[in-house]
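A.B. asks: Predicted model follows, preceded by the sequence.
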Amino acid sequence: MIKVEGLTKRYARNVAVDNISFEVEKGRIVGFLGPNGAGKTTTMRVLTCFLPPTAGTVSIAGFDVLDQPLEVKKRIGYLPETPPLYPEMEVEEYLKFVGKLKGIPTAELNRRVNEVTERCAVGDVKKKLIGKLSKGYRQRVGLAQAIIHNPDVLVLDEPTSGLDPKQIIDTRELIRSLAGDHTIILSTHILSEVEHSCERVIIISQGKLVAIDSVENLTNRLRGSESVAVEVELPGGSGSASDVHQRLEQVAGVSRVIPRDTRDGRCSFEVESLQGRSVRADVARAVVNSGWNLSELRPVGFSLEDIFLQLTASETSDSKEPASQRDVQ
Amino acid sequence: MKNILIICKKELKSYFASPIAYLLMAIFAVIFGFFFYSATAIFVVRGMESQMMGRGMPMDVNEWVIRPLLMNASVVGLFLIPMITMRLFAEEKRSGTIELLMTSPVRDSEIILGKWLAALIMYMCVLAISAINIGILFMYGKPDWKPILMGYLGLLLQGGCLLAIGSFISTTTRNQIIAGGATFAVCLLLWVLDWVSAYEQAAWAKVISYLSVVTHFEPFSKGVLDTKDVVFYVSMIFFGLFLTARSMESLRWRA
């Protein structure tokens, strides 16, 4: 559905996007991940025909963004970082305007507006001025605007930025419910976002593609060793936190013990295992055999934060794993 | 064509949803009203004077009232036009809505024409206020309506050309004040350029004074339709809109 090959976007002084290639199949949700200034917005702007690429080709549903921009624009719904809203318009009026602009026939316009207002839960503010809406509502109106013409491809630039936690959850659910009918690319610099709503992740940093894979694969690939959070309860006079620390270090297969917290008879640690070894059972046995109470034992998964840091760090420090090349396509 | 109308309608709505439209109309009503009162008062006083002196010389309303009024209207328009055009693109650029327009399946030219047309209709609404005053003349006298029609056509052409230049300037910035200020400066300059002809007769001076929008309006105010002036205005409109289109395009490349 989306095909990007060797996309490069150069501005007067800097290169915003440097030779990026990827493909997205129909009906997928793809997370576009990277720190601020990585080139996410620029890439999305090229996809939506707002900016022309300096080099490379981008095609949406088989139409090239340079040769047939009108055909591409008909098939794309775009929510920029700040929703493109006119504060002096009412919500319904605005959606009708966008609908007409996107070429929805007049006969269908009312039906489409009702559909998207319901879907994005903005039905109760239909008659309100956009300027008077809260941030959460604005974001949803922005989303409604993006899907009004039922586009094949949805491009969402940081759809949850600036929302409160409840609104973030609602928006995520909404986005997930849109998958299937639409191919969705959403960008974010919040990693949990991707873990929650995306099937595949494209990570870029400083304009370069760092990795492209499914969320699980990325996590697995980077999880060489296991990390376990341990909390131990010390019944009166049965030793101190440093005793526990020592004992844990003696467990076979443990590479490192990091003390986390100690207070009123409880101490917690993070235990890292050696490559390819599972230490949970041994740790539990060691604690219990020493006469302490094991109150928590929990594997600590790699968060995308770690993945991201590792990937971007390896990009600069050691180049033996050219992740970007290997995983393209 | 449909897209042009969609954009035009939206622009008009936003003019009338904000105080701008009413403010512009009010400003014009007050200033034009003052000119109208002064012009008719002078006309009446002169008329009485000439009768008292026994020289019942016929005085022409068109010549004495309407012509200076139309000239004044064109100058007042010069001051109002920056206020009409300054928001056209600058506001969309600032609020980011330009991204919506430019990623919708419409051509840049349709966006530009829609916006320019809306500005022109807005300007016509402002000018329409003056029709009330002119209408009063018809109630008490018999002015010739044909030169008046020519005058309005001239005002419209002049307005269209300054609006096109204004919309070009509006695409170059995201700050409305800058857009308005620069447009005002250009309008003012285009008004006074013909002063050159007063002290210089060389060819370059002729060219410069030819660029003055007011020089070309004068025949219209007399009720004279000269192709030369129509060509000037129409080509200026095209030039302004062409610059706007180029500027929009460069927006994409520079972003």
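C.D. replies: That came in fine, so what should we check first?

A.B. asks: residue with max distance from the center of chain B?
C.D. replies: Residue farthest from the centre of chain B, counting by Cα atoms, centre = their mean, is B:Gly54 at 42.1 Å.

A.B. asks: measure it to B:Val61 for me?
C.D. replies: 22 Å (Cβ to Cβ, to the nearest Å). Just so you know, the C-beta spots here come from the backbone N, C-alpha and C atoms, and that holds for glycine as well.

A.B. asks: what about A:Lys26, neighbour count?
C.D. replies: Here the count is done by other Cβ atoms under 10 Å in any protein chain shown, and A:Lys26 has 13 residues near it.

A.B. asks: And for A:Lys128?
C.D. replies: Residues near A:Lys128, counting by other Cβ under 10 Å: 15.

A.B. asks: cool, and A:Ile60?
C.D. replies: 28.

A.B. asks: repeat for A:Ile190
C.D. replies: 15.

A.B. asks: isn't it right up against A:Thr160?
C.D. replies: Yes - judged on Cβ atoms under 8 Å, A:Ile190 makes contact with A:Thr160 at a distance of 7.3 Å.

A.B. asks: per-residue pLDDT, B:Ile20?
C.D. replies: Each residue has a pLDDT score; the one for B:Ile20 is 90.

A.B. asks: just checking, what packs against the helix or strand where it lies?
C.D. replies: Using DSSP states H and E, B:Ile20 sits in helix B:19-52. Judged by 3 or more Cβ pairs under 8 Å, 6 or more residues apart in numbering or on different chains; DSSP states H and E, the packing partners of helix B:19-52 are helix B:67-85, helix B:108-140.

A.B. asks: could you check the angle helix B:67-85 makes with it?
C.D. replies: Counting by axes from the mean of the first three to the mean of the last three Cα atoms, to 10 degrees, helix B:19-52 points 170 degrees away from the direction of helix B:67-85.

A.B. asks: In which helix or strand does A:Lys96 reside?
C.D. replies: Taking DSSP H and E as the criterion, A:Lys96 maps to helix A:91-101.

A.B. asks: Then A:Arg45?
C.D. replies: helix A:40-47.

A.B. asks: Can you tell me what sits against that helix?
C.D. replies: A:2, A:4, A:7, A:9, A:16-17, A:20, A:32-34, A:51-53, A:58, A:60, A:65, A:76, A:78, A:80-81, A:153, A:155, A:157, A:185, A:187, A:189, A:204, A:207, B:99, B:255 (Cβ atoms under 8 Å, 6 or more residues apart in numbering or on different chains).

A.B. asks: Out of the residues you listed, list just those in strands.
C.D. replies: Per DSSP state E, strands hold the following members of the contacts of helix A:40-47: A:2, A:4, A:7, A:9, A:16-17, A:20, A:32-33, A:58, A:60, A:76, A:78, A:153, A:155, A:157, A:185, A:187, A:204.

A.B. asks: from those, which would you call buried?
C.D. replies: Among the ones in strands among the contacts of helix A:40-47, those buried by neighbour count (16 or more other Cβ atoms under 10 Å in any protein chain shown) are A:2, A:4, A:7, A:9, A:16-17, A:20, A:32-33, A:58, A:60, A:76, A:78, A:153, A:155, A:157, A:185, A:187, A:204.

A.B. asks: Work out for me the element the residue farthest from the centre of chain B sits within.
C.D. replies: Counting by DSSP H and E, B:Gly54 is found in no helix or strand.

A.B. asks: Tell me the predicted confidence for it.
C.D. replies: 72.

A.B. asks: Same question for the one 5 residues further on.
C.D. replies: According to the per-residue confidence, B:Met59 scores 74 in pLDDT.

A.B. asks: The closest residue to B:Met86 other than its chain neighbours sits in which helix or strand?
C.D. replies: Excluding its sequence neighbours, the residue lying closest to B:Met86 (Cβ to Cβ, 6 or more residues apart in numbering or on different chains) is B:Gly180, at 3.5 Å. B:Gly180 belongs to helix B:176-192 when assigned by DSSP H and E.

A.B. asks: Okay, buried residues for the helix or strand that that helix is followed by please.
C.D. replies: Per DSSP H and E, helix B:176-192 leads on to helix B:196-199 as the next helix or strand towards the C-terminus. For helix B:196-199, burial by neighbour count (16+ other Cβ under 10 Å) applies to B:Val196.

A.B. asks: Which strands and helices lie in contact with helix B:196-199?
C.D. replies: Right, helix B:196-199 is packed against helix B:203-210 by 3+ Cβ pairs under 8 Å, 6+ apart.

A.B. asks: hang on, the earlier thing: mind listing what's buried along the helix holding B:Gly180?
C.D. replies: For helix B:176-192, by 16+ other Cβ under 10 Å, it's B:Gln176, B:Ala179, B:Gly180, B:Ala182, B:Thr183, B:Phe184, B:Val186, B:Cys187, B:Leu190, B:Trp191.

A.B. asks: what's the offset of it from the middle of its chain?
C.D. replies: Taking Cα atoms, centre = their mean, to the nearest Å, one finds helix B:176-192 lying 13 Å from the centre of the chain it belongs to.

A.B. asks: between it and helix B:67-85, what angle do the directions make?
C.D. replies: Going by the same axes, to 10 degrees, helix B:176-192 makes 150 degrees with helix B:67-85.

A.B. asks: Surely A:Glu272 touches A:Arg256?
C.D. replies: Yes - counting by Cβ under 8 Å, A:Glu272 touches A:Arg256, with 4.4 Å between them.

A.B. asks: Over to stretch B:220-235 now: how far is its first residue from its last?
C.D. replies: Taking Cα to Cα, to the nearest Å, stretch B:220-235 runs 17 Å from one end to the other.

A.B. asks: How about residues contacting it?
C.D. replies: By Cβ under 8 Å, 6+ apart, stretch B:220-235 touches B:62, B:67, B:70-71, B:74, B:144, B:146-148, B:150-151, B:153-155, B:157-158, B:160-161, B:210, B:213, B:216-217, B:219.

A.B. asks: Any of those buried? List them.
C.D. replies: Using 16+ other Cβ under 10 Å, the buried ones in the contacts of stretch B:220-235 are B:62, B:67, B:70-71, B:74, B:147-148, B:150-151, B:154-155, B:157-158, B:160-161, B:213, B:216-217, B:219.

A.B. asks: What about the residue nearest to A:Leu163 when sequence neighbours are not counted, how many residues nearby?
C.D. replies: Leaving aside its sequence neighbours, A:Leu163 sits nearest to A:Gly136 (Cβ to Cβ, 6+ apart; 5.5 Å). Per other Cβ under 10 Å, the neighbour tally for A:Gly136 reads 19.
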